[in-house]
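Peer 1: sequence and predicted structure are below.
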Amino acid sequence: MIDQLNPNVKGAVTALLAFGIFASHDVIIKFLGGEYSAFQIAFFSGIFGFPVVLLMLIGDRSDGNLIPRHPYWTALRTICAVATGISAFYAFSVLPLAQTYALLFVTPLLITVLAIPILGETVGIHRWAAVVIGLIGVIIVLRPGQEGLSSGHLAALIAAICGAIASIIVRKIGDEERPIVLLLYPMFANIFLAGAFLPFVYRPMPVEHLGMLVIVAAFGLAASLLIILAFRNAEAVVVAPMQYTQIMWAAFFGFFLFGERPDMATGIGAAIIVSSGIYIVLREGHSGNSENQPVLQTRGRNEVGTAPRSSILERLRRANQDVGVTARRKIREEIQK
């Protein structure tokens, strides 16, 4: 039945399913975060995700080695990717789900700002206004002066900032670096860094908890494949806003599994942030204001455990865009003939 749907509708439905799986992935992380350090969770997530990357490496037939062509940009992205994963894991473990998502949704707004110095973008008054309004939403969520800002709030903001930097670097060097290089370095760095802290934070894990970490890696892979399918069927401006449905999953899971009741300030702030992000995505996708379209991303999170989730969407969006360009070129050639 789904095959009979309009391609954009099909892509939207597939993306909704993908982000629902990602939300379930985050619920497991939150559950385990109540008992284990973020470094321990990150380490085992990377270990269990490594076989998937190994299969990708075996199946990668492109020429070249694993030495980055842009070592400094790759190193910065690797640092940011690791910081994003560990910070997000910690934030999910100590903050309500809805509040964590609201702060992580700042990533597209930050990408818009970072596009100016890194990509040479020109940001117009409309996008600047959307960024400022989105940051007002962040202030509403944080409520400075009314509630003390915790380490969890700081971790969520670090994840959003580092995720934005990692995503914009992918946009800058992604055409020249092999995808496996962009994926492999953050994964190795995550395993080594988290492994270095593991002796100081390790707690024995029963088999069922190790099984949950396997599910985390499996969910990350399954959701990533669904996003690939979504981008093959639909335009990026249709798929990208679907990420914001995670705030509804957060409210649902938070209430029924963790007894969390998002307060009015979190709800209002999240609505403002989401609205600002959707406005920027739709404006860039339809008006042609941005050649690079840097905000057609999702929040920085994990690619099967470590690297920012947004870089997956960026590469898929660009592949989808390249296919469209090739098709239009062929049509023009046929007309000229």
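Peer 2: Everything's here; your move.
Peer 1: residue contacts, Ile165?
Peer 2: 76-77, 80, 114 (CB atoms under 8 Å, 6 or more residues apart in numbering). C-betas here are computed from N, CA, C, even on glycine.
Peer 1: so which of these is the most crowded?
Peer 2: Arg77 (28 neighbours; other CB atoms under 10 Å).
Peer 1: which elements pack onto whatever helix or strand Ile191 lives in?
Peer 2: Taking DSSP states H and E as the criterion, Ile191 maps to helix 179-201. Here helix 179-201 touches helix 38-59, helix 71-94, going by 3 or more CB pairs under 8 Å, 6 or more residues apart in numbering; DSSP states H and E.
Peer 1: ok so, going back, ok, so of the contacts of Ile165, who is nearest Phe255?
Peer 2: The shortest approach to Phe255 among the contacts of Ile165 belongs to Cys80, at 32.6 Å (CB to CB).
Peer 1: related to what we said a few turns ago, tell me, which of the helices and strands packed on helix 179-201 is the model least confident about?
Peer 2: Mean pLDDT is lowest for helix 38-59 among these, at a mean of 85.
Peer 1: what about the spatially closest residue to Tyr36 that is not a sequence neighbour, how many neighbours?
Peer 2: Nearest residue to Tyr36, sequence neighbours excluded (CB to CB, 6 or more residues apart in numbering): Arg203, at 5.7 Å. Arg203: 9 surrounding residues under other CB under 10 Å.
Peer 1: so Arg203 touches Phe39, yeah?
Peer 2: No: assessed by CB atoms under 8 Å, Arg203 is found out of contact with Phe39, at 11.1 Å.
Peer 1: sorry, back to before: any buried residues in the helix holding Ile191, and which?
Peer 2: Neighbour-count burial for helix 179-201 flags 179-191, 193-195, 197-198 (criterion: 16 or more other CB atoms under 10 Å).
Peer 1: between helix 38-59 and that helix, find me the angle.
Peer 2: Per axes from the mean of the first three to the mean of the last three CA atoms, to 10 degrees, the angle that helix 179-201 makes with helix 38-59 is 150 degrees.
Peer 1: just for the stretch 51-200 of the chain, where's the confidence low?
Peer 2: Residue ranges of the stretch 51-200 of the chain with pLDDT under 70: 63, 144-148.
Peer 1: quick one: Leu282 from Ile118, how far?
Peer 2: Going from Leu282 to Ile118 by CB to CB, to the nearest Å gives 23 Å.
Peer 1: looking at these two, which is more packed in?
Peer 2: Higher neighbour count among Leu282 and Ile118: Ile118, with 17 against 14, using other CB under 10 Å.
Peer 1: is that one within a helix or a strand, and which one?
Peer 2: helix 107-119.
Peer 1: okay, buried residues for that helix please.
Peer 2: So, applying 16+ other CB under 10 Å, buried residues of helix 107-119: 107-115, 118-119.
Peer 1: and for stretch 265-274?
Peer 2: 265-267, 269-270, 272-274.
Peer 1: now, those residues that are in strands?
Peer 2: For the buried residues of stretch 265-274, not one is inside strands, with DSSP state E as the criterion.
Peer 1: for these, which one is nearest Ala236?
Peer 2: Distances from Ala236 to these, taken by CB to CB, are shortest for Val274, at 17.4 Å.
Peer 1: compute the distance between that closest one and Arg77, please.
Peer 2: For Val274 relative to Arg77 (CB to CB), the value is 26 Å.
Peer 1: do the same with His25
Peer 2: Applying CB to CB to His25 and Arg77 gives a distance of 22 Å.
Peer 1: then Ile158?
Peer 2: Ile158 is 15 Å from Arg77, by CB to CB.
Peer 1: how far out from the middle of the chain is the helix holding Ile118?
Peer 2: Helix 107-119 sits 15 Å away from the centroid of its parent chain (CA atoms, centre = their mean, to the nearest Å).
Peer 1: what angle do that helix and helix 71-94 make?
Peer 2: Using the same axes, to 10 degrees: helix 107-119 against helix 71-94 is 170 degrees.
Peer 1: so what does helix 107-119 touch, helix or strand wise?
Peer 2: Using 3+ CB pairs under 8 Å, 6+ apart, helix 107-119 sits against helix 125-142, helix 151-173, helix 264-287.
Peer 1: out of those helices, flag the one nearest Val13.
Peer 2: That would be helix 264-287 among the helices and strands packed on helix 107-119, by CB to CB, at 17.9 Å.
Peer 1: name the helices or strands packed onto the closest one?
Peer 2: helix 97-104, helix 107-119, helix 125-142, helix 236-239.
Peer 1: distance between it and the chain's centre?
Peer 2: The answer for helix 264-287 is 16 Å, by CA atoms, centre = their mean.
Peer 1: now that helix - C-alpha only, PDB.
Peer 2: Extracted C-alpha coordinates of helix 264-287, given in PDB (Å, rounded to 0.1, in the frame of the first residue of the first chain):
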ATOM      1  CA  MET A 264       4.900  24.900  30.100                       C
ATOM      2  CA  ALA A 265       8.200  26.700  29.700                       C
ATOM      3  CA  THR A 266       9.800  23.600  28.000                       C
ATOM      4  CA  GLY A 267       6.800  23.200  25.700                       C
ATOM      5  CA  ILE A 268       6.800  26.900  24.700                       C
ATOM      6  CA  GLY A 269      10.500  27.000  24.200                       C
ATOM      7  CA  ALA A 270      10.500  23.800  22.200                       C
ATOM      8  CA  ALA A 271       7.700  25.100  19.900                       C
ATOM      9  CA  ILE A 272       9.700  28.300  19.200                       C
ATOM     10  CA  ILE A 273      12.900  26.400  18.400                       C
ATOM     11  CA  VAL A 274      11.200  23.900  16.200                       C
ATOM     12  CA  SER A 275       9.300  26.600  14.300                       C
ATOM     13  CA  SER A 276      12.500  28.500  13.700                       C
ATOM     14  CA  GLY A 277      14.200  25.400  12.400                       C
ATOM     15  CA  ILE A 278      11.400  24.400  10.100                       C
ATOM     16  CA  TYR A 279      11.200  28.000   8.700                       C
ATOM     17  CA  ILE A 280      14.900  28.000   7.800                       C
ATOM     18  CA  VAL A 281      14.700  24.600   6.200                       C
ATOM     19  CA  LEU A 282      11.700  25.400   4.100                       C
ATOM     20  CA  ARG A 283      13.000  28.800   3.100                       C
ATOM     21  CA  GLU A 284      16.400  27.500   2.000                       C
ATOM     22  CA  GLY A 285      14.800  24.500   0.300                       C
ATOM     23  CA  HIS A 286      12.300  26.500  -1.800                       C
ATOM     24  CA  SER A 287      13.800  30.000  -2.300                       C
END
